[in-house]
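Participant: Give me coordinates for this.
(one chain, ligands or ions: 1)
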Amino acid sequence: MNLVQFLCKFDITKRILTRLFHPKTFDKGRWTLNKLQLKNPVGLAAGFDKNAIYLQSLGVLGFGFVEIGTVTPLPQNGSPQPRLFRLQKDKALINRMGFNNDGVEAITERLKNWKKKNEKQNSHLIIGGNIGKNKETPNDLAWKDYEICFLKLHPWVDYFVVNVSSPNTPGLRELQGKEFLQHLLSHLKKLNEQQTLLKPIFLKIAPDLTFEQLDSIIELAQEIKLDGLVVANTTIARESLKTSADQIQKIGLGGLSGLPLKNKNTELVSYIFKKANGQIPIIASGGIFNGTDAKEKMEAGASVIQVWTGFIYEGPSIVKNICATIK
Ligand SMILES: Cc1cc2nc3c(=O)[nH]c(=O)nc-3n(C[C@H](O)[C@H](O)[C@H](O)COP(=O)(O)O)c2cc1C
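Facilitator: Residues are numbered from 1 along each chain as shown. As a prediction, this is how the structure comes out:
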């Protein structure tokens, strides 16, 4: 990414990269997420550009939208290293990054500068703000952390994702209970209405929820007219892996992403789509490597998709390749 970033500094190399990696263009209005117009349906999932450093490069690599974050109010270092592991045999990753990020102040400043520069260049990249809480913030005060990030980022992002589903912040996933979510999401919706422009609010869920928990989230999403769900985050499960049990044990705690997550998350997308009669827009995430995987998620009911682990294994052509197989 640093190399791409460097090459983007010069007009000539930037143009070469754009030509190499830019996906086909779709008809205007072909891809929308709520009212947002996307260039294409391939997004970069949260956690890759946590600090909004690589937006220009990611635009050049063709992404239709980029989700920055997870952003927390205060900067934090995250978990001690090593905290990110490749499971090559499984085309997977295990991570326990723990929301390492520069904090909302620094990231807002960066987005402000990016927007200013970008307006001049007139190349609009849709940016999502994925928000969370600091590790030290107790769960009963968590809503305040989400509020701080929401208000600070509001002028500078196109949509929001409320992240209550990362496995690497102790206690975070307990926030997926209906009562807390109802309070938090209604509160954010109210704040949203007080701003000059409404920004869609999505909720990102874990793939490890019970069907009971899932049903209550679907119910809530319909009750409060949530703009959509991101389905889903990494899993704490370690089922049917090719990597040896011994090695998995050595790696330890963390969220598993990539190929082993693919079917599980597709089933979730399909379940939610059917249960909600297609009324809840879905951003699908989990194990997407190519056009076939992307189509599978869309056939299950996703409006658009995001990649993360696929980007690591497939490289910079992933957006172009996926778009080539989508009509
Ligand atoms: C190293 C790493 C860091 C991540 N950090 C975040 C994060 O900060 N917030 C979040 O909502 N998801 C985070 N994720 C989850 C991804 O956004 C994505 O939902 C998940 O990896 C499943 O997609 P994939 O199989 O394409 O990787 C992270 C994933 C990885 C591998």
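Participant: Contact partners for the residue of the stretch 1-150 of the chain found nearest the ligand?
Facilitator: Using CB to the nearest ligand atom, residue 47 is the residue of the stretch 1-150 of the chain that sits closest to the ligand, at 2.0 Å. Yep, even glycine has a C-beta here, placed from its N, CA and C like the rest. For residue 47, the contacting residues are 69-70, 95, 97, 130, 308, by CB atoms under 8 Å, 6 or more residues apart in numbering.
Participant: That one: what secondary structure?
Facilitator: Put simply, residue 47 is coil when judged by DSSP: H, G, I helix; E, B strand; the rest coil.
Participant: From the contacts of residue 47, which land in strands?
Facilitator: Judged by DSSP state E, strands contain the following of those: 69-70, 95, 130.
Participant: In the protein, what helix or strand scores lowest on average pLDDT?
Facilitator: helix 104-121 (a mean of 90; mean pLDDT, DSSP states H and E).
Participant: For the stretch 1-150 of the chain, which residues are neighbours of the ligand?
Facilitator: Residues of the stretch 1-150 of the chain lying close to the ligand (CB under 6 Å from any ligand atom) are 45-47, 50, 69-70, 84, 93, 95, 97, 99, 130.
Participant: who does residue 129 bridge with?
Facilitator: residue 68, residue 160 (DSSP bridges).
Participant: and it, how many neighbours does it have?
Facilitator: Counted with other CB atoms under 10 Å, the neighbours of residue 129 add up to 28.
Participant: Would you state the helices of the stretch 151-300 of the chain in chain order?
Facilitator: Along the stretch 151-300 of the chain, the segments classed as helices by DSSP state H, counting those that start in this stretch run 178-193, 211-223, 245-251, 262-275, 291-300.
Participant: Give me the mean pLDDT for the last one.
Facilitator: The reference is to helix 291-300. Averaged across helix 291-300, pLDDT comes to 98.
Participant: Can you tell me what sits against it?
Facilitator: Outside helix 291-300, the residues touching it (CB under 8 Å, 6+ apart) are 41-42, 262, 265-267, 269-270, 273, 284, 287-288, 305, 310, 321-326.
Participant: buried set for that helix?
Facilitator: Neighbour-count burial for helix 291-300, counted by 16 or more other CB atoms under 10 Å, picks out 291, 293-298, 300.
Participant: Can you tell me which of these lies closest to the ligand?
Facilitator: For the buried residues of helix 291-300, the nearest to the ligand is residue 293 (9.2 Å; CB to the nearest ligand atom).
Participant: related to what we said a few turns ago, could the ones in strands among the contacts of residue 47 go into CSV alongside pLDDT?
Facilitator: Supplementary listing: those in CSV, determined by pLDDT from 0 to 100:
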residue, pLDDT
69, 95
70, 98
95, 98
130, 98
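Participant: ok, the residue lying closest to residue 278 once chain neighbours are set aside - how many residues close by?
Facilitator: What sits nearest to residue 278 in space, not counting adjacent residues and going by CB to CB, 6 or more residues apart in numbering, is residue 301, at 6.4 Å. Per other CB under 10 Å, the neighbour tally for residue 301 reads 21.
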